[in-house]
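A.B. asks: Have a look at this fold, sequence not included:
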């Protein structure tokens with residue numbers, strides 16, 4: 001009879017590697033949630049996955065909006081205990097860094113108890129107390145923050161610094177510790193920010209754009225532009241409307257469709273009033289992933305007006321749908337459209353000029369459409385899933401040895 005210890009070793013060898021994924025909340029909207037949901041989708045077959053999170057997961061909503069097929073039996077979910085989550089009630093406004101700190105603390109506790117083969121964060125930096133993987137949408141430690149992320153209380157002297165120190169204490173982690181992780185960035189734009197702060201070279205893994213986008217011939221598409229995103233002032237939908245207004249002043253009967261998730265009610269009412277005065281401006285909400293894919297594919301053009309967007313998954317959706325998108329000349333969207341000068345603008349006047357120039361030039365339209373067709377493969381769900389699995393295999397196989405924590409460059 002073989003020794004019991006040998007049987008135990010063979011039994012463990014046959015088990016799938018165990019991976020802990022840390023995500024503050026898994027919701028049904030937004031690029032960050034797309035990354036988190038598709039990380040679980042990518043890993044669940046090959047690995048035994050546990051999710052460390054701050055709240056319950058609504059699988060039906062996530063699957064409906066993000067194109068996944070997650071089920072509760074696919075992985076274990078450990079929601080943070082009340083002694084931690086009650087801290088969120090003491091913050092009068094949204095505190096993303098506090099949520100990350102609580103999730104980090106919870107993940108460290110779970111890992112100490114269960115000894116996972118790999119640990120990873122899908123929501124920016126986390127120090128797990130040992131090397132892991134972190135997917136960075138925008139480094140939380142980077143200063144200064146984009147203006148759109150600042151609120152009134154950030155401008156009170158000492159408040160932000162004290163809040164950051166508290167979050168660091170709560171998480172039990174350090175900036176140097178998170179710098180020891182294998183870092184994935186959602187774009188080269190964000191990768192440059194990570195390298196500037198940590199001195200490390202992240203790997204760029206583009207977020208996935210799931211779903212089947214029907215291949216609709218150009219002539220059968222509407223003479224219209226589509227915009228996609230939250231109903232929030234940071235998206236600057238007034239500028240998108242102004243771009244189309246200016247194009248129409250040139251005699252081009254261009255329409256606009258805004259596909260959004262309502263978040264800011266007052267801002268939503270303001271944009272709705274603009275639509276009431278413009279019969280060519282439609283606002284759509286509550287679309288399923290399949291409905292969104294078909295609706296976007298029915299448009300010729302796209303408009304994205306947010307400034308310094310970290311990645312801009314809405315633009316990638318336009319590219320996947322075969323649209324020609326026009327983007328603000330900043331942040332990740334520039335990268336999504338291949339950096340093409342013809343598709344970038346600084347203000348509404350320039351945006352209208354760019355769009356009108358394409359409308360009147362068949363050769364330019366054909367060249368830009370071909371360029372976007374080449375770009376679309378970068379954002380497939382299949383590409384993302386295989387990249388994630390390869391990274392986690394490396395970590396589980398001991399092929400990542402970061403050495404000493406780097407300092408700031």
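C.D. replies: All right, it came through fine. Being a predicted model, the structure only gives us computed values, none of them experimental. Numbers count the residues shown, from 1 in each chain.

A.B. asks: neighbouring strands for the longest strand along the chain, and are they parallel or not?
C.D. replies: Secondary structure of the chain per DSSP state E: the longest strand is strand 222-231. Using DSSP bridges, strand 222-231 pairs in its sheet with strand 255-262 (parallel), strand 299-304 (parallel).

A.B. asks: Those: lowest mean pLDDT?
C.D. replies: When the strands paired with strand 222-231 are ranked by mean pLDDT, strand 255-262 comes last with a mean of 94.

A.B. asks: Would you indicate which residues of that strand are buried?
C.D. replies: Buried residues in strand 255-262, counted by 16 or more other Cβ atoms under 10 Å: 255-261. C-betas here are computed from N, CA, C, even on glycine.

A.B. asks: just how off-centre is the longest strand of the chain within its chain?
C.D. replies: 19 Å (Cα atoms, centre = their mean, to the nearest Å).

A.B. asks: In that strand, which residues are buried?
C.D. replies: Buried residues in strand 222-231 (16+ other Cβ under 10 Å): 224-231.

A.B. asks: Of all pairs in these, which one is the farthest apart?
C.D. replies: 224 and 230 (20.8 Å; Cβ to Cβ).

A.B. asks: on that earlier part again, just checking, next helix/strand downstream of the longest strand of the chain?
C.D. replies: helix 237-248 (DSSP states H and E).

A.B. asks: If we go by neighbour counts, what in the lengthiest helix in the chain is buried?
C.D. replies: In the chain, with assignment by DSSP state H, the single longest helix is helix 96-114. Residues 97-111 are the ones in helix 96-114 that count as buried (16+ other Cβ under 10 Å).

A.B. asks: so when I look at residue 325, I'm seeing a helix, right?
C.D. replies: No - counting by DSSP: H, G, I helix; E, B strand; the rest coil, residue 325 falls outside a helix, being strand.

A.B. asks: For it, grab the count of nearby residues.
C.D. replies: 28 (other Cβ atoms under 10 Å).

A.B. asks: ok, how many other residues are close to the closest residue to it other than its chain neighbours?
C.D. replies: Among residues not flanking residue 325 along the chain, residue 302 sits closest, at 3.4 Å (Cβ to Cβ, 6 or more residues apart in numbering). By other Cβ under 10 Å, 27 other residues sit near residue 302.

A.B. asks: wait, what's in contact with residue 302?
C.D. replies: 225-228, 296, 314-315, 318, 323-326 (Cβ atoms under 8 Å, 6 or more residues apart in numbering).

A.B. asks: what helices or strands is the particular helix or strand that has residue 37 in it leaning on?
C.D. replies: Applying DSSP H and E as the criterion places residue 37 in helix 31-43. On a contact count with 3 or more Cβ pairs under 8 Å, 6 or more residues apart in numbering; DSSP states H and E, helix 31-43 meets strand 18-22, strand 48-53, helix 59-66, helix 381-396.

A.B. asks: how many degrees apart are it and helix 381-396 in direction?
C.D. replies: With axes from the mean of the first three to the mean of the last three Cα atoms, to 10 degrees as the basis, helix 31-43 and helix 381-396 are set at 70 degrees to each other.

A.B. asks: which other residues reach helix 31-43?
C.D. replies: Helix 31-43 is contacted from outside by 19, 21, 23, 26-27, 49, 51, 62, 66, 68-70, 74-75, 120, 122-123, 135, 137, 186, 207-210, 310-313, 381, 384-386, 388-389, 392, using Cβ under 8 Å, 6+ apart.

A.B. asks: State the mean pLDDT of that helix.
C.D. replies: Mean predicted confidence for helix 31-43 is 94.

A.B. asks: so where's the stretch 1-150 of the chain uncertain?
C.D. replies: 1-14, 85, 87-95, 141-150 (pLDDT under 70).

A.B. asks: hmm, 50 instead?
C.D. replies: Within the stretch 1-150 of the chain, the stretches with pLDDT under 50 are 1-13, 145.

A.B. asks: what's the offset of stretch 37-48 from the middle of its chain?
C.D. replies: The answer for stretch 37-48 is 17 Å, by Cα atoms, centre = their mean.
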